[in-house]
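**Q** Following is a predicted model, sequence given first.
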Amino acid sequence: MIDFDPSTFGLAHTYQKEDKDEINTLKMPSAPQVIYRTLNGPTQTNGGNKLNNFKHGTTTLGFVFKEGILLAVDSRASMGSFLSSEQVRKVIEINEYLLGTMAGGAADCQYWLAYLANHCRTYELKNGSKLSVAAASKFLQGILIGYKNSGLSMGCMIAGSDLSGQHLYYIDNDGMRLKGDIFSVGSGSTYAYGVLDNHYRYEMSLNEAVELGIRAIYHATHRDTASGGVVRVYHIHQNGWTKVHDGIDVVDLHYQFAQQKGLVGDGDEAKQRLF
Amino acid sequence: MYIPMNEMLKHFKQDVPTMANITHKSEQWSPYHDNSGTVLAVGIPGAVIVAGDTRLSNGYNIMSRDATKLSQLTDKCVLATAGQYADFIALRKFLQQRLQLYEFQNEVQASTETVAHLLSRELYSRRFFPYYTFNLLAGLDENNHGFVYGYDAIGSYDKMTYGVQGSGQELVVAVLDNQLKGYNKINKTIPQTREEILDIILDCFSCAAERDIHTGDNVEILIITSAGTERLIKPLRKD
């Protein structure tokens, strides 16, 4: 077992603590230590599936366009086949200029993105300038590489605005970090990619981008059982981020899009095909 | 004692009989036990109602008929836990001690939001050997409006207006979705008063006790308002 000092808050066991300037004299709950003897065997026989079924299953997407970055997410959290919540907030507001999305294990994403927020604030206070998006995403990547193969599950996007513009990064629990223009993560991502790749143009206006994000999430929730609930949309621009939509029910969107196709729901469509 | 080679080889995973290859026929011991039961909490403006059954079971045995699943942490918030009772006791002890320390150092009790975050961090600190607890933290926020924070085993949490955890979760939460949110209803009559909501909660527990073997005996209800805490105990099926 590795000798664990509780004051090394948030640091994985491979990191060496350099400066001892911690004012934290209280025993705070510390970062998780990896136990090498895995308990996966026994927990499955006795506890059934409940202990290993953390919240999974989602669709999140983000893309860069001329007016900044658009993030759109669904809001469903499933534990196995049971829906534990339809109102989850999958966009985590790290600070006024950085957003993170959640996919995979909800607790892992919530904890580590909150830890990243803590680190960004500490950096800002110590150095007098804000952490760049590239540095913030690289910091998170470093943590996840330390916990590689330990069973964490995170597929998150870090999107933000700094002095060099708006940037979108994809971070993975395997330690992958990719900079890109279009990303979609989660069980419904394949459906979202289909819609996104069809209509994406860099020169879109904000309204077109919001429409595209909403439509892509709707199509993913329509076909993927693990995605659903409401659509939340955020826009990142040079002054930070704005919440464009807090929660549009995908059921309402379904009927709205059906009406646009001319299906008004009075049953006449079926009749026309039968006779 | 002479054991024939083919008989001995049955106990090895591969044909080479080394120590690393021995399979154990017996079931491995597990540190987890599900003591089950159901807990639920509903938040309304001015109050929060938390309820939990009092049956403690272990497989098909009933260990106790009056084991509480609720724990009042501060004047304004209550922890309700379903899952492993030992982990509930350990978690409750940690939270009580830590919140007492907070009160000594800050001369004021922790707000519900602070307790919610503390609980999430404590659960995540055991990410690789989790507390087998499914928690609901119910309390009043700064405006005395009741809210419920629902958790999974490793600490992901969300603020909600009502929540259910435990073995009767699937049975009860669908009823609450229908009654408290009006899902799938054309004429949505959402209950507004505390008495109506108490009625619905008692009905939910009766239903859960009928169909879930791990829920029953008594239901303990705590009603938290800014004026104080009220405690009720109502009987349920004991079979």
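**A** Noted; the coordinates are in hand. Residues are numbered from 1 along each chain as shown, chains lettered A, B, ... in the order given.
**Q** Helix or strand next in line after the lowest-mean-pLDDT helix or strand in chain A, which one?
**A** Using mean pLDDT, DSSP states H and E, the weakest-scoring helix or strand in chain A turns out to be helix A:40-46, at a mean of 37. Remark: after helix A:40-46, the chain's next helix or strand is strand A:59-65, criterion DSSP states H and E.
**Q** Okay, buried residues for that next one please.
**A** A:59, A:60, A:61, A:62, A:63, A:64, A:65 (16 or more other CB atoms under 10 Å in any protein chain shown). The C-beta positions use only the backbone N, C-alpha and C, and glycine is treated the same way.
**Q** Format those residues as a markdown table; extra columns: pLDDT and distance to chain B.
**A** Output for the buried residues of strand A:59-65, formatted as a markdown table (pLDDT from 0 to 100; distance: CB to the nearest CB, whole Å):
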| residue | pLDDT | distance to chain B |
| --- | --- | --- |
| A:59 | 93 | 18 |
| A:60 | 95 | 15 |
| A:61 | 96 | 21 |
| A:62 | 97 | 21 |
| A:63 | 97 | 26 |
| A:64 | 97 | 28 |
| A:65 | 97 | 30 |
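**Q** just the residues you listed now: which is nearest residue B:73?
**A** Residue B:73 has its nearest neighbour among the buried residues of strand A:59-65 in residue A:60, at 33.8 Å by CB to CB.
**Q** beta partners for that closest one?
**A** Taking DSSP bridges as the rule, residue A:60 bridges to residue A:73, residue A:185.
**Q** One more: the one 4 residues further on?
**A** Per DSSP bridges, residues listed as beta-bridge partners of residue A:64: residue A:69.
**Q** Quick one: end-to-end distance for stretch B:50-65.
**A** Using CA to CA, to the nearest Å, the end-to-end distance of stretch B:50-65 comes out at 19 Å.
**Q** Do it and chain A come into contact?
**A** No: if you take CB under 8 Å from any CB of the partner chain as the test, stretch B:50-65 misses chain A, and the best it gets is 9.8 Å.
**Q** Quick check: buried residues in that stretch?
**A** Result for stretch B:50-65 [16+ other CB under 10 Å]: buried residues B:50, B:51, B:52, B:53, B:54, B:55, B:56, B:57.
**Q** likewise stretch A:158-166?
**A** So stretch A:158-166, judged by 16+ other CB under 10 Å, has buried residues A:158, A:159, A:160, A:161, A:162, A:166.
**Q** Let me see the contact set for the second one.
**A** For residue A:159, the residues meeting the contact criterion (CB atoms under 8 Å, 6 or more residues apart in numbering or on different chains) are A:62, A:69, A:71, A:98-101, A:133, A:166-169, A:236.
**Q** With the first one instead?
**A** Counting by CB under 8 Å, 6+ apart, residue A:158 makes contact with A:94, A:98, A:99, A:100, A:116, A:133, A:136, A:137, A:140, A:168, A:169, A:171.
**Q** Helices along chain B, start to end?
**A** B:5-9, B:85-106, B:112-125, B:169-181, B:194-211 (DSSP state H).
**Q** One more: chain A?
**A** Secondary structure of chain A (DSSP H): helices at A:40-46, A:106-127, A:133-146, A:189-199, A:206-223, A:250-260, A:268-274.
**Q** Could you list the alpha-carbon positions for the fifth one in PDB?
**A** Listed next in PDB are the C-alpha coordinates belonging to helix A:206-223 (Å, rounded to 0.1, in the frame of the first residue of the first chain):
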ATOM      1  CA  LEU A 206     -25.600  32.000 -33.400                       C
ATOM      2  CA  ASN A 207     -29.200  31.200 -34.100                       C
ATOM      3  CA  GLU A 208     -28.400  28.500 -36.700                       C
ATOM      4  CA  ALA A 209     -25.800  27.000 -34.300                       C
ATOM      5  CA  VAL A 210     -28.300  26.800 -31.500                       C
ATOM      6  CA  GLU A 211     -30.900  25.200 -33.800                       C
ATOM      7  CA  LEU A 212     -28.300  22.700 -35.000                       C
ATOM      8  CA  GLY A 213     -27.300  21.800 -31.400                       C
ATOM      9  CA  ILE A 214     -30.900  21.300 -30.300                       C
ATOM     10  CA  ARG A 215     -31.700  19.200 -33.300                       C
ATOM     11  CA  ALA A 216     -28.700  17.000 -32.900                       C
ATOM     12  CA  ILE A 217     -29.500  16.300 -29.300                       C
ATOM     13  CA  TYR A 218     -33.100  15.700 -30.100                       C
ATOM     14  CA  HIS A 219     -32.200  13.100 -32.700                       C
ATOM     15  CA  ALA A 220     -29.900  11.400 -30.300                       C
ATOM     16  CA  THR A 221     -32.500  11.300 -27.500                       C
ATOM     17  CA  HIS A 222     -35.100   9.900 -30.000                       C
ATOM     18  CA  ARG A 223     -33.000   6.900 -30.900                       C
END
